[in-house]
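>>> Got a sequence here, can you model it:
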Amino acid sequence: MGVPLRSCNVRKPNGMMRLIVTTFAGVIFGFFLGVSVPTLSLSKMNLPSSLFPSIDLTYIEDKYSGLSTQVLFNALNTLKTNKVVSMPSYKYNGTKIWIPTNPRGAERLPPGIIESESDFYLRRLWGQPSEDLTIKPKYLVTFTVGYNQKNNIDAAVKKFSENFTIVLFHYDGLTTEWDEFEWSKRAIHVSVRKQTKWWYAKRFLHPDIVAPYDYIFMWDEDLGVEHFDAEEYIKLVRKHGLEISQPGLDPNSGGLTWAMTRKRDNTEVHKNTEERPGWCTDPHLPPCAAFVEIMATVFSRDAWRCVWHMIQNDLVHGWGLDFSLRKCVEPPHEKIGVVDAQWILHQSVPSLGNQGQAEGGKAPWEVVRERCRKEWTMFQDRMTNAEKAYFEAMGMKPTNLTAR
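Prediction:
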C-alpha cells in the first residue's frame, strides 16, 4: 500500500515577512552608511544651476544633513586638498568657486590668480611687465626722516647698494625737496606728519608687503656710517646665524645705555655681555643676551613676520619692544646679536622729539620722552597679561611671567 502524499501540510515561505525583514535590514544598512560618510555643504558645491533651476540648496542642506554618494564624497576630498571641485562635464553658463583654504576674503577666487604678497618694486607705465625690473633688490632699508637731516641720510643711503630698496618715512611732510639727491628718485617716499617709525612700520611694512626681502633694516636718521658697509654686514649676519641684529655702537656714541650694544674690538659678532650688578636675572635674557636696541635694528624676513604682530597700534615709540624681540626667535641668545666688525655712531639728534607739543611748562622733547616711558610700562603690562591669560587658559601656572 502506498504512503499517502502529505502535500497539504507543506508550509510555504511567508512572502510578506520576507519583505519586511529585507526592508528593515536595508534601513539599518542605510542608516549606518549615512552616519559613516562626512557631511557635505551643498550650498558650497559647484552644481550646474541649469539642472536645478528651482531647488533651494540651502534648504536641502538644512533639511538633509548628509549625502553619501561617491561623487559628492570625492568632491569633498578635493576641496580639502585646495583644488576646485571637479563635477561631471555638464554644460552650463554660470560657475561658483569656494575654497576655504584661500586667504580670508579670497575664497571665491581660483588659486592660480591669487597674489597674497606684494613688494616695493617700482614698475614702468609701458612695455612688457616681465621686462620692468633689471634687478630685484633682496634687502630693504627704511629711514624715518626730517629734511634737516638730509646730509646725514645722504651719507647713510650711499652705504647701501642697488641690492637694497630704499624707503623714506617723512615725519615733517617734506618729500620733493629730497630730489636734489639722485638716489631719491628711485626711493619710496611715504609722508605723514609727526609720526614715528613704529607707527609707519605697523601700517606700511606688513610682512606680506616686505616678503620678497631677506632682511629689513629699520634705522633712525641720526646714525653715523663711516665704518659701515651694508653688504659686508649681511655676510656677517648670515655667517653667524643672526635673525635679529644691529651694528655695534661706537663708544663715543651719545646716549649709550646698554653694555650689550657697545662695539667690541677684535671680534666679528657678540651675543652676550656682563651688565651692572642686578640688571640681569638670567645670563641668557636681556639686557645681558638676546637683546638689541630699536634705533638700528635689522630683522630677517621670518623674524619680522613675528615682530610686526607684536607692535601695538597705539604705542608708537616702540619702547619695550627691544626686551621682547627674543620671543620671536629660538633660541634667542643664539639668534640675536651685535655685529662688531661693522659699526655705527649714534649721534643722538632729538629731531623727532622736537615734533612734540610743549605742555605744562615742559619742552616738546620732554613731553615726548615722558610718553616714551609711559609706553614702555604699558607694553610690559600688556605682554605680561597676555602671557598670563594664555597659560591660565592652558591650565598652566608659570612662576615667572615678565615681558623682560
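>>> Residue 243: what's it in contact with?
Applying Cβ atoms under 8 Å, 6 or more residues apart in numbering, one finds that residue 243 lies in contact with 299-300, 302-303, 328-329, 335-336. No exception for glycine: its C-beta is placed from N, CA and C like everyone else's.
>>> And those residues, which two are furthest apart?
In those, the most distant members under the criterion Cβ to Cβ are 302 and 336, with 13.2 Å between them.
>>> out of the two, which sits in the more crowded spot?
Using other Cβ atoms under 10 Å as the criterion, residue 302 and residue 336 rank with residue 336 on top: 27 against 13.
>>> ok, longest helix in the protein?
For the chain, the helix that runs over the most residues, judged by DSSP state H, is helix 364-393.
>>> Can you list the buried residues in it?
The neighbour-count criterion (16 or more other Cβ atoms under 10 Å) identifies 365, 367-369, 372, 375-376, 379-380, 383 as the buried residues of helix 364-393.
>>> As a markdown table, the residues you listed with pLDDT and distance to residue 111 would be great.
As requested, the buried residues of helix 364-393 are arranged in a markdown table below (pLDDT from 0 to 100; distance: Cβ to Cβ, whole Å):
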| residue | pLDDT | distance to residue 111 |
| --- | --- | --- |
| 365 | 78 | 52 |
| 367 | 88 | 51 |
| 368 | 90 | 47 |
| 369 | 89 | 50 |
| 372 | 93 | 45 |
| 375 | 96 | 42 |
| 376 | 95 | 44 |
| 379 | 97 | 39 |
| 380 | 96 | 42 |
| 383 | 96 | 37 |
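>>> Reformat the residues you listed as JSON lines; add distance to residue 113.
Listed next are the buried residues of helix 364-393 as JSON lines, based on distance: Cβ to Cβ, whole Å:
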{"residue": "365", "distance to residue 113": "51"}
{"residue": "367", "distance to residue 113": "50"}
{"residue": "368", "distance to residue 113": "46"}
{"residue": "369", "distance to residue 113": "50"}
{"residue": "372", "distance to residue 113": "45"}
{"residue": "375", "distance to residue 113": "42"}
{"residue": "376", "distance to residue 113": "45"}
{"residue": "379", "distance to residue 113": "40"}
{"residue": "380", "distance to residue 113": "44"}
{"residue": "383", "distance to residue 113": "39"}
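>>> how about those, which pair is most distant?
Using Cβ to Cβ, those reach their maximum pairwise distance at 365 and 383, which is 27.1 Å.
>>> Residue 351: what's its closest spatial neighbour, skipping adjacent residues?
Leaving aside its chain neighbours, residue 351 sits nearest to residue 146 (5.0 Å; criterion: Cβ to Cβ, 6 or more residues apart in numbering).
>>> Going along the chain, name the helices of the stretch 101-250 of the chain.
Ranges of helices within the stretch 101-250 of the chain are 150-157, 197-204, 230-239, based on DSSP state H, counting those that start in this stretch.
>>> Mind giving me the packing neighbours of whichever strand in the chain runs longest?
Secondary structure assigned by DSSP state E gives strand 336-346 as the longest strand of the chain. In this structure, strand 336-346 packs against strand 223-224, helix 230-239, strand 244-249, strand 269-270, with contacts taken as 3 or more Cβ pairs under 8 Å, 6 or more residues apart in numbering; DSSP states H and E.
>>> returning to that earlier point: show me which of the buried residues of helix 364-393 is closest to residue 343.
Of all these, the one with the least separation from residue 343 (Cβ to Cβ) is residue 372, at 25.0 Å.
>>> thinking again about what came up before, specify the angle between the longest strand of the chain and helix 150-157 in degrees.
Interaxial angle of strand 336-346 relative to helix 150-157 (axes from the mean of the first three to the mean of the last three Cα atoms, to 10 degrees): 140 degrees.
>>> Tell me which strands strand 336-346 pairs with, and in which orientation.
When sheet partners are counted by DSSP bridges, strand 336-346 sits next to strand 223-224 (antiparallel), strand 244-249 (parallel), strand 269-270 (antiparallel).
>>> Just the C-alphas of it, formatted as CSV.
Listed in CSV are the C-alpha atoms of strand 336-346, where the atom choice follows Å, rounded to 0.1, in the frame of the first residue of the first chain:
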residue,chain,number,x,y,z
ILE,A,336,70.1,87.8,18.4
GLY,A,337,73.4,89.6,18.4
VAL,A,338,75.5,92.7,17.7
VAL,A,339,77.8,93.0,14.7
ASP,A,340,81.1,94.5,15.9
ALA,A,341,83.0,94.4,12.6
GLN,A,342,80.5,96.8,11.1
TRP,A,343,79.8,99.6,13.5
ILE,A,344,78.0,102.9,13.6
LEU,A,345,77.9,106.1,15.7
HIS,A,346,74.7,107.2,17.4
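>>> That strand: how far from the chain's middle?
Shown here is strand 336-346, whose average C-alpha point lies 26 Å from the average C-alpha point of the whole chain (Cα atoms, centre = their mean, to the nearest Å).
>>> Now do it against helix 230-239, angle only.
160 degrees.
>>> Tell me the buried residues in strand 336-346?
By 16+ other Cβ under 10 Å, the buried positions in strand 336-346 come out as 336-346.
>>> just the helices of the stretch 101-250 of the chain: most buried one?
By mean neighbour count, with neighbours taken as mean count of other Cβ atoms under 10 Å, helix 197-204 ranks first of these at a mean of 20.
>>> if we can go back for a sec, minimum distance to residue 288: which of the strands paired with strand 336-346 has it?
Comparison of these against residue 288 by Cβ to Cβ identifies strand 269-270 as nearest, at 11.2 Å.
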